[in-house]
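J.: quick one: sequence and predicted model below, then my questions.
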Amino acid sequence: MIDNYPTRLPHAIAPIPRIEPTVWGTVADGPLNQGDLDGYSDAGHMLRRNTISDILIPELDDELRNIAASLDTADPRIIREADGSIRSIFEPHLISSVVKQIAELDTVLPVAQQLLGGDVYIHQARINYMSAFSSTGFYWHSDFETWHAEDGMPTMRAVSCVIALTENYPHNGTLMTITGTNRTFYPCVGATPASNHATSLAGQTVGIPDRETLTRAATRGINQFVGPAGTGFWFDCNTLHGSGSNITPFPRSNLFLVFNSVDNRLVEPFAAPGPRPDYLGAR
């Protein structure tokens, strides 16, 4: 298969203009209006209030505790901070019927189908935790760069839906996106180590743009995802994003649901010795 987005290279190459559209569907295909679609296509991100109703929030709070308690401490789907606190739990939609129900909500699934122009499946799902005072951030990266290099995702036809499970403030490790970076692929330097996922989920060191690239990319500004529990935030698979550490007394947690088009099924990784486990890239 032709690789239109080479990355993990021995030397730097110029950024590559995106080939595929950001929005694959039309107004007739779902709940978003033309303004929503145009804004998302241009910026690479979109905020949607009240994605989850207030009625579901208490049930979700209980479910978060149940998910963590139900898993063996050595379960590879649990990623921990250096101090032992939970950083991420993967595959919550397969562990919890409540999370599965959220993925199927009218405020979630039809939006994913409209943005991607047809049937979708969950490529990856996780709960990200930011404990008070001690949680570390996620450095700037494009998810598609990782999914292309390490999972074999061939084209940019995937989207992340992030749902706030607690209040997301500007100061408690909020998710940030660089506006408009969905339109450009930024190849990265450095080969993928074997079993890279074993360490990259706690601290990514490959598949990240250099500082000069990030400085040029950020000319249109950096957006922060802020809002109360239940707020939804959508961003394109290629949008550069990251988060700072949380040194505040206010913990936060978000549910990530990554939808991929059924017409964009994974192939062999483009820049890794072998595919990552299914809980990171469902096949």
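T.: That came in fine, so what should we check first? Numbers count the residues shown, from 1 in each chain.

J.: most centrally placed residue in the chain?
T.: Ser160 (4.9 Å; C-alpha atoms, centre = their mean).

J.: now do the strands in the stretch 1-150 of the chain.
T.: 16-17, 45-48, 78-80, 86-90, 120-130, 138-142 (DSSP state E, counting those that start in this stretch).

J.: same list, these, but as a markdown table with mean pLDDT and mean neighbour count please.
T.: Every residue, glycine included, has its C-beta placed from N, CA and C. As requested, the strands of the stretch 1-150 of the chain are exported to a markdown table (pLDDT from 0 to 100; neighbours: other C-beta atoms under 10 Å):
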| stretch | mean pLDDT | mean neighbour count |
| --- | --- | --- |
| strand 16-17 | 98 | 11 |
| strand 45-48 | 98 | 20 |
| strand 78-80 | 88 | 16 |
| strand 86-90 | 91 | 21 |
| strand 120-130 | 95 | 22 |
| strand 138-142 | 95 | 21 |
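
J.: now these in a markdown table, with distance to Gly232?
T.: A markdown table is the format used below for these (distance: least, C-beta to C-beta, whole Å):
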| stretch | distance to Gly232 |
| --- | --- |
| strand 16-17 | 29 |
| strand 45-48 | 4 |
| strand 78-80 | 23 |
| strand 86-90 | 19 |
| strand 120-130 | 14 |
| strand 138-142 | 19 |
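
J.: the residue nearest to the centre of the chain belongs to a strand, doesn't it?
T.: Yes. Under DSSP: H, G, I helix; E, B strand; the rest coil, Ser160 sits within a strand.

J.: list the contacts of it.
T.: Asp143, Trp234, Phe235, Asp236, Cys237, Phe256, Leu257, Val258, Phe259 (C-beta atoms under 8 Å, 6 or more residues apart in numbering).

J.: relative to Thr22, which of these is nearest.
T.: Closest approach between these and Thr22, by C-beta to C-beta: Asp236, at 5.3 Å.

J.: ok, Glu145 - how many residues close by?
T.: Counted with other C-beta atoms under 10 Å, the neighbours of Glu145 add up to 26.

J.: that one contacts Val189, doesn't it?
T.: No. Look at Glu145 against Val189 with C-beta atoms under 8 Å: they stay out of range, at 11.7 Å.

J.: what's the following helix or strand after the lowest-mean-pLDDT helix or strand in the chain?
T.: Least confident helix or strand, the chain: helix 197-200 with a mean of 70, by mean pLDDT, DSSP states H and E. Toward the C-terminus, helix 197-200 is succeeded by helix 211-217 as the next helix or strand (DSSP states H and E).
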